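K.L.:
Could you look at this predicted model? Sequence included:
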Amino acid sequence: MDFSYKRVENAASEEELYSAASLKVESGHHGPRPSCVTSKSFKLLKDAFVFLLAFWGLFSILYHLSSLIHREGPRGCDCGSSTAEALKLGCKYDSLAAAWLPEHCRDDELTAEFERSGDGPNGTWIYYADTRHTIQLSLEEIALMADDPEARFHMSAHWHKIHCIFYWRKEHRFRFNEKMVEPRSDSEEHIHHCGEIFLGKGYGTISGVVLNTDQE
């Protein structure tokens, strides 16, 4: 079969087609462009991130401030001027402190352990009314001595050393149990005093009972 080829009229020449293709490439018409994050969207994301950081920072500050206020609670360990007033204020006698203390100044668990760490029978402490250690006293009798600022009771030198050890523990524990150490014992002077007790030798210990441990 014979085929004949005819010239297509008005068709663009090779030079014209090449020129048209070049113009398309140079003009950048390559079809749809891929999507990307615009500068405006990036700014919105950045602003949102900064806002979240600021919100978290504010939340953290308010949380720690609230915890600090809650932890500090009532300040001071004053139990009034008599044992009757102390009871009305919710205070009770603390044998570790040899003082009446409100609840936020006591570590009852530690005091109970202290009362089982004595040099008497079954780990008890023996208290006396006299220097020669002949007349014994109960804790109830000692607690009432707070009504007489001149009253004194006596115990062994070992009591004083164990008292110091337990107070060092109390100073450590109060950072975690939301309690506070009464001001008269929460000082470098008290630590220095306990150091002297360990370095020295003595027959016994003498003490009174106080109601206001905010005072030295």
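P.N.:
Received the coordinates, thanks.

K.L.:
Can you show me the helices along the chain?
P.N.:
Using DSSP state H, the helices of the chain run over 14-27, 39-72, 83-88, 108-114, 139-143, 157-173, 188-199.

K.L.:
Residue 212: which of these is closest?
P.N.:
helix 83-88 (9.6 Å; C-beta to C-beta). For every residue, glycine as well, the C-beta is placed using N, CA and C.

K.L.:
buried ones in that closest one?
P.N.:
Buried residues in helix 83-88, defined by neighbour count with 16 or more other C-beta atoms under 10 Å: 83, 86.

K.L.:
Just the CA coordinates for that helix, please, in PDB.
P.N.:
C-alpha atoms of helix 83-88 as PDB (Å, rounded to 0.1, in the frame of the first residue of the first chain):
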ATOM      1  CA  THR A  83      -0.600  24.300 130.600                       C
ATOM      2  CA  ALA A  84      -4.400  24.900 130.500                       C
ATOM      3  CA  GLU A  85      -4.000  27.500 127.700                       C
ATOM      4  CA  ALA A  86      -1.600  25.100 125.900                       C
ATOM      5  CA  LEU A  87      -4.300  22.400 125.900                       C
ATOM      6  CA  LYS A  88      -6.800  24.900 124.500                       C
END
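
K.L.:
my read: residue 128 touches residue 134, true?
P.N.:
Yes - counting by C-beta atoms under 8 Å, residue 128 touches residue 134, with 6.9 Å between them.

K.L.:
Any regions of this protein where pLDDT drops low?
P.N.:
The chain contains residues with pLDDT under 70 at 1-38, 56, 59-60, 62-74, 216.

K.L.:
Show the contacting residues for the residue lying closest to residue 125 once chain neighbours are set aside.
P.N.:
Spatially, and ignoring its direct neighbours in sequence, residue 125 is nearest to residue 118 (3.6 Å; C-beta to C-beta, 6 or more residues apart in numbering). Neighbour list for residue 118: 124-126, 159, 162 [criterion: C-beta atoms under 8 Å, 6 or more residues apart in numbering].

K.L.:
ok, of the residues you listed, which come out buried?
P.N.:
125, 159, 162.

K.L.:
wait, isn't the first one in contact with residue 155?
P.N.:
Yes - with contact defined as C-beta under 8 Å, residue 125 reaches residue 155; the gap is 6.2 Å.

K.L.:
any chance of the helices of the chain in CSV, plus distance to residue 213?
P.N.:
CSV is the format used below for the helices of the chain (distance: least, C-beta to C-beta, whole Å):
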stretch, distance to residue 213
helix 14-27, 90
helix 39-72, 17
helix 83-88, 11
helix 108-114, 14
helix 139-143, 14
helix 157-173, 12
helix 188-199, 11
